[in-house]
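S.K.: This is the structure alone, sequence omitted:
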Ligand SMILES: Cc1ncc(C[n+]2csc(CCOP(=O)(O)OP(=O)(O)O)c2C)c(N)n1
Ligand SMILES: Cc1ncc(C[n+]2csc(CCOP(=O)(O)OP(=O)(O)O)c2C)c(N)n1
Ligand SMILES: [Mg+2]
Ligand SMILES: [Mg+2]
């Protein structure tokens, strides 16, 4: 399955938007946190897990999804949320803890929920998989269209929930795709030090489901393989496990000193940054010009700036509203 | 690896002892529970999970173990406990809830602990595996001899703990063997209805460890394959996953109506009862005579009767001792 | 009268639960059931009996022994418009799957600012008294009730069981439905006769969060839930012999907690005994005593708790029966209270 | 004096924990540490810093993200003669692995009639206030303290942290060691200055199960643990301005719970305020109030709780800070108490 030029541009644009978004958050996150770095301070307090470098995993999969489809993501959700079509303004406002945020500021960066596009996530490692399987079950039982995609990190593949949910999805032949973003690290612990198998995709055989390994963080390859998996799911042929080798360009979270990285790793990852790579591909394939690129980047920047401005301009909720929405 | 005649007789004898023990428990369990079956009544109250038919899994593995080695079993522990050398009298007394029981009656049938032979179990499905891995880690760290064996049912292989512990054991190359007793049922749910793979031993590849499938509940085959796995563990070559196709001749627990069994299954299982099978083998291989068999059975019966008598004759603990042993 | 008796229909809690679920499944195709052995077997404790036959394996789904997966799946299905009823066979097993329950089921509504509802019921068996040992006999009332975002109910009789289950299924929020094994009316677990009561054939709701005054009295308030209520009623009868008039309050619901009903009762009686089969410390008994104390209700003597001691539940009947709450202990507690006056 | 000051050595709780662990590891080769990112990284919250360098990867083991496996493994290792110290990075994650903790770690000693000891320490971070959201900010004190078979301690300062950790490692029973993130002295989580105190270089124990009177007073007893103690101390200073003398009790230990110290203090002051960052209902505050009430301690006004409301912890600082306990709320609670007298 190969993407059309339109689809490639859609993927590239969303990668750029996502990267701009993260870079902007990165800058603003540090406001109020210098000279002394205190997580509680500034317009964006709390933990911040950036997705820089992992954009291909988001766009290559979500290019095949529409708003009816379900995505359950992780503690590192921004890139996937953007590719899934989560309202960027409301997401920014949520990250700022504003009244206009997706949940009015109750959830925050690790709890991005947008019911309009069926997007959610959990800050607990491995917990996305069961929820996605259940949403897929719901569609199957209701005979409604729609597939579910669960994102998880390679570190999450050693969590018991992974095993249970994949088995359940396979036994019930659910329309769900499990996408592992292998960025080689679980905080400071390497995949190799924590995982008894080289490719988690090989674990698919333990559930009699197809396992697909995608090297090189390549959006086109991801598009192709994810497309097949999602088609299988839509056709009622059951779940697929995909593992994508991707890059975590930033630290685990903002403030991570990254001393555990081998020398040169960050530089190498910067060299294989998927965004310039994609640009080059567009240039080679479609005579993509600098002017076109500038224009696309300009639009992306506008989108992000507008979202951030919306977040900044929005009011904080009334403190006592903390008591609402526990029950409906 | 093939057993010596001595080893075969050891296995056979322990299978017979175990069966006599279970049959005796089965009878006594019903005391006070007729005409109205009330689990709380009689000399042996509570749930009772009998191991009839699964003896080969116990003896084929434990024939290779000594008292230093660690075994962590399940809610269905009697046959394994007997093969591991747990004090039969104290175990019987424990099941009767007597003061002379292994824990003075605090634990009961699902919580058989005998520190002298490093035997323990848990009534929570799948929880044996982590504990066994940890005991193996302890031996590795202390440079002390000894391997750990975790028993679990085929249903437990769909519990998250299984996945986590196998991965951990493989990453740390621990001297542990995971033995799945596949009796085809998890209470009323069949393996096929709950498990996405035909043989759980095939799941070993998800942890880069050897996976061994043993059909036919054959003690000799189990002895051979378990022997190799335990030798690998002793030689520091890491963990192994073994799945044994065995038979649950009785219900899941006493009182189980077993309506879920396909017609004829119980009769078929009775036909392939491993104990007569083993007897026949001894006759063919070693001219084992009826007289010898009678003698062996006589001794086995004496052992069991003495244990039961000990249990019956023992006093109940003082009620207020319930408050002791929470902490040491 | 004979008419009424003819109409009168006593059910066990198990049957009342199954009947409520069946009635909701008939009228709402979003409702379905998942759990271990809840299909053809009808549930180890009988509360799904008949459902598999009537609704089939698609809506009454046996699961693998994968609580984290199928409870997580219930959260996903509920968020997508279904109304799952999942069974955690024994509450004691919560430790293998509690994240899906307390961090997702209970919080996703809040995290989504109310945009995502999680209308599901988690039913789970509680309680001991039949020598099932320390991993199969617990109540864990406070373990669930302490954490925000989930309602927690637990019936003491079949009438409440049907009505609470109906209300729980219809509630747009996650509800934990705890049923005590000794009250299920499964002969093999012993049977508390008083739990088997007349149950209307028509559908009805018992509101979540309202306690019931099961017996009115003027000298002492005995507060309990599930088995505790029955110990309280037996104690009340014994106390009556001594000329003491005991009021028995059945909380029925731990979350929301009907503090008002308890407080009003103690205002009237001036004495409080709280009974709970869950562990003594940091439990329901402390919450009730603290709530009444905070309210400044004058009491004639310090309140008393009759709860499970802070020990793992022993297997041997002599220890377990000794440790369990009982009518006798409640009567003793009252006597102790009188001494202190 | 200058001598003493020269000798005096202030440490953060993080460093005090690491120092205690290191000293035990030097003298007892059975002690080792397991957890996520506790190796080269030194623990996300700094409490294993330096251990990897000194003891190497065999005794300071980074684990996969498999809490059920490595905590279960700790139980197996402890039962086999080792003394594992495992870290559950955030207490909020207990839901994925609690069975290994509460059904095995806490009960195997009992199930074995005392034949099998489980000498292990589970250290875990608690608390919020820095906008980490509803799955990374909880305290869950009562969740652990309610269940039998495990000791539960939580220091409010570095002196207690070192002494409690030493006692916990040496205790033959399983001990939960909760450390509050805002007290860790990691600048990036903010820092409570009062938690950074002089810590002797030599090894010493602070007994498990003994509360400390952190400040003596005569008009009101403020009971707290970890962050609650510091809110209490600040409130006490404010109350002093108003001529009110407040006594502050640091429980330090939830299991065993030092009820006597609390009761004696309230007997003296006649007033009780209990502070807890854990959820309000079915929590530590209720246990303390119930314990004092049961003891029949005369009180001049109904006791007050200042606890976390029964809501998931909101991310946005305006809501979270509003919901957290504070000195101000304690002072208000005292005023409310005076009104009721
Ligand atoms: C059950 C659980 N354990 C531990 C954590 C702490 N934690 C947060 S992110 C993380 C690393 C996750 O690694 P991975 O799954 O590879 O995702 P990545 O961060 O690389 O995107 C850990 C251990 C958690 N949130 N939940
Ligand atoms: C975590 C957990 N879930 C459910 C149960 C209830 N239960 C007890 S035995 C059993 C079936 C186990 O099947 P299997 O692992 O195959 O062992 P078998 O009973 O066949 O020996 C179940 C579901 C439990 N004890 N623990
Ligand atoms: Mg990763
Ligand atoms: Mg089985």
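M.R.: That came through, no problem. These figures come from a predicted structure and were not determined experimentally. Ligands and ions are numbered 1, 2, ... in the order given.
S.K.: Make sure residue C:178 is indeed in a helix.
M.R.: No. Residue C:178 is assigned strand when assessed by DSSP: H, G, I helix; E, B strand; the rest coil, not a helix.
S.K.: now it: how far from residue C:338?
M.R.: 33 Å (CB to CB, to the nearest Å). (Glycine included, C-beta is placed from N, CA and C.)
S.K.: More neighbours: which of those two?
M.R.: Counted by other CB atoms under 10 Å in any protein chain shown, residue C:178 and residue C:338 do not tie: residue C:178 has more neighbours, with 24 against 14.
S.K.: and the more buried one, what does it touch?
M.R.: C:91, C:123, C:124, C:125, C:126, C:139, C:141, C:144, C:152, C:153, C:154, C:226 (CB atoms under 8 Å, 6 or more residues apart in numbering or on different chains).
S.K.: For the fifth one, grab phi and psi.
M.R.: The main-chain torsion angles of residue C:126 are listed as degrees, to the nearest 10 and equal phi -130, psi 170.
S.K.: ok, it touching residue C:91?
M.R.: Yes. Using CB atoms under 8 Å, residue C:126 is in contact with residue C:91, at 4.9 Å.
S.K.: Now the common contact residues for these two.
M.R.: Common neighbours of residue C:126 and residue C:91 (CB under 8 Å, 6+ apart) are C:138, C:139, C:140, C:178.
S.K.: Identify, from those, the entry nearest to ligand 4.
M.R.: The closest of the shared contacts of residue C:126 and residue C:91 to ligand 4 turns out to be residue C:138 (CB to the ion; 24.3 Å).
S.K.: And for the closest one, the neighbour number?
M.R.: Residues near residue C:138, counting by other CB under 10 Å: 26.
S.K.: any idea how far the closest residue to it other than its chain neighbours lies from ligand 3?
M.R.: Distances taken as CB to CB, 6 or more residues apart in numbering or on different chains place residue C:92 nearest to residue C:138, at 5.0 Å, with adjacent residues excluded. If you measure residue C:92 against ligand 3 using CB to the ion, to the nearest Å, the figure is 34 Å.
S.K.: Residue C:92 contacts residue C:139, doesn't it?
M.R.: No. Between residue C:92 and residue C:139 there is no contact under CB under 8 Å: 9.4 Å.
S.K.: what does stretch C:278-287 rub up against?
M.R.: Against stretch C:278-287 from outside (CB under 8 Å, 6+ apart): C:138-143, C:145-146, C:225, C:251, C:254, C:257, C:274-276, C:305-310, D:142, D:145-148, D:254-255, D:257, D:281-284, D:286-287, D:289-291.
S.K.: can you give me the strands in the stretch 201-328 of chain A?
M.R.: A:211-214, A:240-245 (DSSP state E, counting those that start in this stretch).
S.K.: Packing partners of the longest one?
M.R.: Other elements packing on strand A:240-245 under the criterion 3 or more CB pairs under 8 Å, 6 or more residues apart in numbering or on different chains; DSSP states H and E are helix A:55-62, strand A:176-182, strand A:211-214, helix A:219-234.
S.K.: Mind checking if that strand is in reach of ligand 3?
M.R.: No. Contact of strand A:240-245 with ligand 3 is not found when judged by CB under 5 Å from the ion; the minimum separation is 10.8 Å.
S.K.: Thank you, goodbye.
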